[in-house]
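In: only geometry, no sequence info:
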């Protein structure tokens with residue numbers, strides 16, 4: 001780490017060990033924002049797109065002659081087929097074509113194509129769509145009234161899919177938190193910053209040629225204070241695992257690639273580091289700037305970027 005007067009004057013730390021201990025002792029327990037929870041507006045917006053079709057399909061609930069009624073509905077309303085994947089597939093609102101492996105037990109792989117985008121369908125198509133709802137278990141759910149209302153069922157499916165997206169929202173939450181500090185700093189000092197910027201975007205917007213460790217590298221934030229460039233990466237780990245060790249190694253390597261030409265700041269937090277402290281300490285000793293959210297609260301970004 002690069003010694004900063006900030007550590008002694010503001011944090012009261014007089015050695016590298018004390019700075020690292022300060023970081024570890026003040027890790028945040030969570031970065032959960034309200035956006036972490038189910039986005040009901042999005043859920044009902046998605047369901048609303050197919051609500052009419054689902055209400056038509058509700059007619060089939062409990063029908064003993066389901067097969068005949070199902071094909072009759074499709075014959076009268078061919079556009080209904082577009083809704084079927086959403087009832088059975090995770091990305092059913094977008095994914096409408098499937099190549100399904102229907103047989104493999106005879107040492108020969110047999111595939112069948114299912115296309116739910118057709119505008120016109122014939123008897124053969126309707127039989128295939130019936131096979132689809134049978135094999136995916138939808139027919140059983142509907143006939144045996146295990147689903148009482150397909151609109152309510154779809155609300156549940158969408159809510160589940162939205163909650164499954166929480167991992168991504170957690171990553172974006174850390175970015176949102178850090179951006180609040182960066183945006184305030186830049187606004188007060190007339191600095192410029194970019195979000196999620198690759199080397200091409202940095203050169204285009206700020207005129208700096210920034211080396212990268214991999215072609216896909218997109219820095220979470222890039223700050224230009226008028227004199228030099230600051231490259232910022234952020235993450236938050238609520239739990240441990242091998243990912244933390246690999247991330248620490250990745251940012252050690254990135255620091256070497258930059259070769260001191262630009263200031264690289266890694267902002268990380270979360271109790272996951274409690275069980276993976278060693279690789280973080282190795283990166284801390286190797287890199288110039290590794291900060292926590294507590295350090296940001298104390299004003300370390302202002303100190304570094306304004307004095308840079």
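Out: Structure's in. What do you need? Treat the numbers as computed from the prediction; the structure is a model and nothing was measured. Numbering: from 1, shown residues only.
In: and the closest residue to residue 117 other than its chain neighbours, how many neighbours does it have?
Out: Using CB to CB, 6 or more residues apart in numbering and skipping residues adjacent in sequence, the residue nearest residue 117 is residue 96, 4.8 Å away. (Each C-beta comes from the backbone N, C-alpha and C, glycine too.) Using other CB atoms under 10 Å, residue 96 has 18 neighbouring residues.
In: Which pLDDT does the model give residue 96?
Out: Per-residue pLDDT puts residue 96 at 94.
In: Mind jotting down where the helices sit in the stretch 201-308 of the chain?
Out: 242-258, 277-286, 293-297, 300-307 (DSSP state H, counting those that start in this stretch).
In: Output those in CSV; the columns should cover distance to residue 202 and mean pLDDT.
Out: Output for the helices of the stretch 201-308 of the chain, formatted as CSV (distance: least, CB to CB, whole Å; pLDDT from 0 to 100):
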stretch, distance to residue 202, mean pLDDT
helix 242-258, 12, 95
helix 277-286, 23, 97
helix 293-297, 22, 97
helix 300-307, 16, 93
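In: Dump the ones you listed into JSON lines; add distance to residue 23 and mean neighbour count as well.
Out: Converted to JSON lines, the helices of the stretch 201-308 of the chain look like this (distance: least, CB to CB, whole Å; neighbours: other CB atoms under 10 Å):
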{"stretch": "helix 242-258", "distance to residue 23": "13", "mean neighbour count": "17"}
{"stretch": "helix 277-286", "distance to residue 23": "7", "mean neighbour count": "17"}
{"stretch": "helix 293-297", "distance to residue 23": "7", "mean neighbour count": "18"}
{"stretch": "helix 300-307", "distance to residue 23": "11", "mean neighbour count": "18"}
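In: Please tabulate the ones you listed in TSV, including the columns distance to residue 191.
Out: TSV is the format used below for the helices of the stretch 201-308 of the chain (distance: least, CB to CB, whole Å):
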stretch	distance to residue 191
helix 242-258	20
helix 277-286	26
helix 293-297	16
helix 300-307	7
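In: Out of the ones you listed, which is closest to residue 158?
Out: Closest of the helices of the stretch 201-308 of the chain to residue 158 is helix 242-258, at 28.6 Å (criterion: CB to CB).
In: could you say what helices and strands the closest one packs with?
Out: strand 229-236, strand 263-269, helix 277-286 (3 or more CB pairs under 8 Å, 6 or more residues apart in numbering; DSSP states H and E).
In: Tell me the helices and strands packed up against the first one.
Out: Packed against strand 229-236, as judged by 3+ CB pairs under 8 Å, 6+ apart, are the following elements: helix 166-189, strand 219-224, helix 242-258, strand 263-269.
In: on that earlier part again, figure out which of the helices and strands packed on helix 242-258 is closest to residue 137.
Out: Closest of the helices and strands packed on helix 242-258 to residue 137 is strand 229-236, at 38.2 Å (criterion: CB to CB).
In: Direction included, what does that closest one pair up with?
Out: Using DSSP bridges, strand 229-236 pairs in its sheet with strand 219-224 (antiparallel), strand 263-269 (parallel).
In: which residues are contacting stretch 202-216?
Out: Residues outside stretch 202-216 that contact it (CB atoms under 8 Å, 6 or more residues apart in numbering) are 192, 194, 197-199, 219, 222, 224, 229, 231, 250, 253-254, 257-259, 261-262.
In: can you do 10 Å?
Out: For stretch 202-216, the surrounding residues in contact (CB atoms under 10 Å, 6 or more residues apart in numbering) are 192-194, 197-201, 217-219, 222-224, 228-229, 231, 250-251, 253-259, 261-262.
In: what about it, how long is it end to end?
Out: In stretch 202-216, first residue to last residue: 14 Å (CA to CA, to the nearest Å).
In: now that stretch: how far from the chain's centre is it?
Out: Centroid separation between stretch 202-216 and its chain, computed with CA atoms, centre = their mean, to the nearest Å, is 24 Å.
In: that older thread, out of the helices of the stretch 201-308 of the chain, nearest to residue 141?
Out: Evaluated over these, closeness to residue 141 peaks at helix 242-258, with 37.4 Å, by CB to CB.
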